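Engineer: Give me a 3D structure for the following:
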Amino acid sequence: MQRRPGFPARIDWKKDAAPAASPAPARGVRREAPPPTPQGVGLDSAAVRARMVQRLAAAGITAAPVLQAMGSVERHRFVDTALVNQAYEDTSLPIGLGQTISKPSVVARMTELLLGAQCARAGGLGRVLEIGTGCGYQAAVLARLAREVYTIERLRALHEKARENLRPLRLANVHLILGDGMLGYAGGAPYAGIISAAGGGSLPPQWCEQLAMGGRLVAPMAGADGRQMLLVVDKTPKGLEQTVLEAVHFVPLKSGVV
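Structural biologist: From the prediction side, this is the model:
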């Protein structure tokens, strides 16, 4: 029997604890006024995330659980320090090895589509497979919505980067796997949802096989002209139903582990 990899502990979504009170000044010593609190992504990220969520809602994201998840996960913790000031802009950013972290609008859009699966509407989003862990941001968002998240990455360096990024969040329901995403991950199947951060010219058959009845797959798909479109596949008793949506731009889907 194949053993499922685990990732420890839980996420603590409590607000930051109040700072400890400053000690009283000694008699005769003048207390200096505290410096103003810097306003920036790192120290004021709750307000910055709130503005990002407002933009997502204005752009058409309507699912309250998705907006809440997007507002809870600190995107700046998943990007390089030099790019932290762009973390909450609606743009993809490089994360190394020719890979990118997707735009917040794309993460929210694909996540909202997953919630539209028949089995998710009936009983909530159960077990989900993510193809292409990248820096771990999408997995952190999914962890707020799904019972279990299996996320697979073929690039060892990114797999380790995601592990370091996610470790402080202590996500009990996220399982990181180093492996070939084109093969999916049979050890966690069947999945209520499968989401891919890379696009190819055809869907790997393993993905469809590992999708639960009533489940939904959301992935970019490249056409004959090379342009990518967002594809939604629903698994029904009558077979696979495909819906082609808007144009997207993702890194190409590749096989193998490096």
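Engineer: Tell me which residues touch Gly132, please.
Structural biologist: For Gly132, the contact set (Cβ atoms under 8 Å, 6 or more residues apart in numbering) comprises Gln99, Ile152, Glu153, Arg154, Gly181, Ser196, Ala197, Ala198, Val251. No exception for glycine: its C-beta is placed from N, CA and C like everyone else's.
Engineer: which of those residues count as buried?
Structural biologist: Neighbour counting over the contacts of Gly132 (16 or more other Cβ atoms under 10 Å) leaves Gln99, Ile152, Glu153, Arg154, Gly181, Ser196, Ala197, Ala198, Val251 as the buried ones.
Engineer: Between all of those, which two are at the greatest distance?
Structural biologist: Largest separation among the buried ones among the contacts of Gly132 by Cβ to Cβ: Ile152 and Val251, giving 14.8 Å.
Engineer: From the contact counts, what lies against the helix or strand bottoming out on mean pLDDT in the chain?
Structural biologist: Sorting the helices and strands of the chain by mean pLDDT, DSSP states H and E puts helix 118-123 at the bottom, at a mean of 89. Judged by 3 or more Cβ pairs under 8 Å, 6 or more residues apart in numbering; DSSP states H and E, helix 118-123 is in contact with strand 191-196, strand 211-222.
Engineer: How far away from the center of its chain is that helix?
Structural biologist: 20 Å (Cα atoms, centre = their mean, to the nearest Å).
Engineer: Give me the below-cutoff pLDDT ranges for the chain.
Structural biologist: Flagging of the chain using pLDDT under 70 yields the residue ranges 1-44.
Engineer: Nearest residue to the middle of it?
Structural biologist: Gln138 (0.7 Å; Cα atoms, centre = their mean).
Engineer: Would you confirm that Ala192 contacts Ala122?
Structural biologist: No. Ala192 is not in contact with Ala122 according to Cβ atoms under 8 Å; the separation is 9.8 Å.
Engineer: quick one, which of the two is more surrounded?
Structural biologist: Using other Cβ atoms under 10 Å, the more surrounded residue of Ala192 and Ala122 is Ala192, with 27 against 9.
Engineer: contacting residues for the closest residue to that one other than its chain neighbours?
Structural biologist: Spatial nearest neighbour of Ala192, excluding adjacent residues (Cβ to Cβ, 6 or more residues apart in numbering): Gly126 at 4.1 Å. Contact analysis of Gly126 by Cβ under 8 Å, 6+ apart lists Cys119, Ala120, Ala146, Arg147, Glu148, Tyr191, Ala192, Ala212.
Engineer: how many other residues sit next to Ile95?
Structural biologist: Applying other Cβ under 10 Å, we find 21 residues neighbouring Ile95.
Engineer: What segments of this protein are helices?
Structural biologist: 45-58, 64-72, 104-115, 118-123, 137-143, 156-166, 205-210 (DSSP state H).
Engineer: what's stretch 96-110 in contact with?
Structural biologist: The contact list for stretch 96-110 (Cβ under 8 Å, 6+ apart) reads 52, 55-56, 59, 61, 66-67, 70, 75, 78-80, 88, 90-95, 132, 134-135, 137-138, 141, 155, 157-158, 161, 195, 197, 218, 230, 248, 250-251.
Engineer: measure that stretch end to end?
Structural biologist: Stretch 96-110 has an end-to-end distance of 23 Å (Cα to Cα, to the nearest Å).
Engineer: and it, how far out from the chain's middle?
Structural biologist: Its chain's C-alpha centre and that of stretch 96-110 lie 8 Å apart, by Cα atoms, centre = their mean.
Engineer: can you check stretch 140-154 too?
Structural biologist: Centre-to-centre, stretch 140-154 and its host chain are 7 Å apart (Cα atoms, centre = their mean).
Engineer: Show me which positions of it end up buried.
Structural biologist: For stretch 140-154, by 16+ other Cβ under 10 Å, it's 140-146, 148-154.
Engineer: got JSON lines for those, with distance to Gly256 too?
Structural biologist: Below are the buried residues of stretch 140-154 laid out as JSON lines (distance: Cβ to Cβ, whole Å):
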{"residue": "Ala140", "distance to Gly256": "26"}
{"residue": "Val141", "distance to Gly256": "27"}
{"residue": "Leu142", "distance to Gly256": "25"}
{"residue": "Ala143", "distance to Gly256": "27"}
{"residue": "Arg144", "distance to Gly256": "31"}
{"residue": "Leu145", "distance to Gly256": "30"}
{"residue": "Ala146", "distance to Gly256": "27"}
{"residue": "Glu148", "distance to Gly256": "26"}
{"residue": "Val149", "distance to Gly256": "23"}
{"residue": "Tyr150", "distance to Gly256": "19"}
{"residue": "Thr151", "distance to Gly256": "18"}
{"residue": "Ile152", "distance to Gly256": "13"}
{"residue": "Glu153", "distance to Gly256": "12"}
{"residue": "Arg154", "distance to Gly256": "6"}
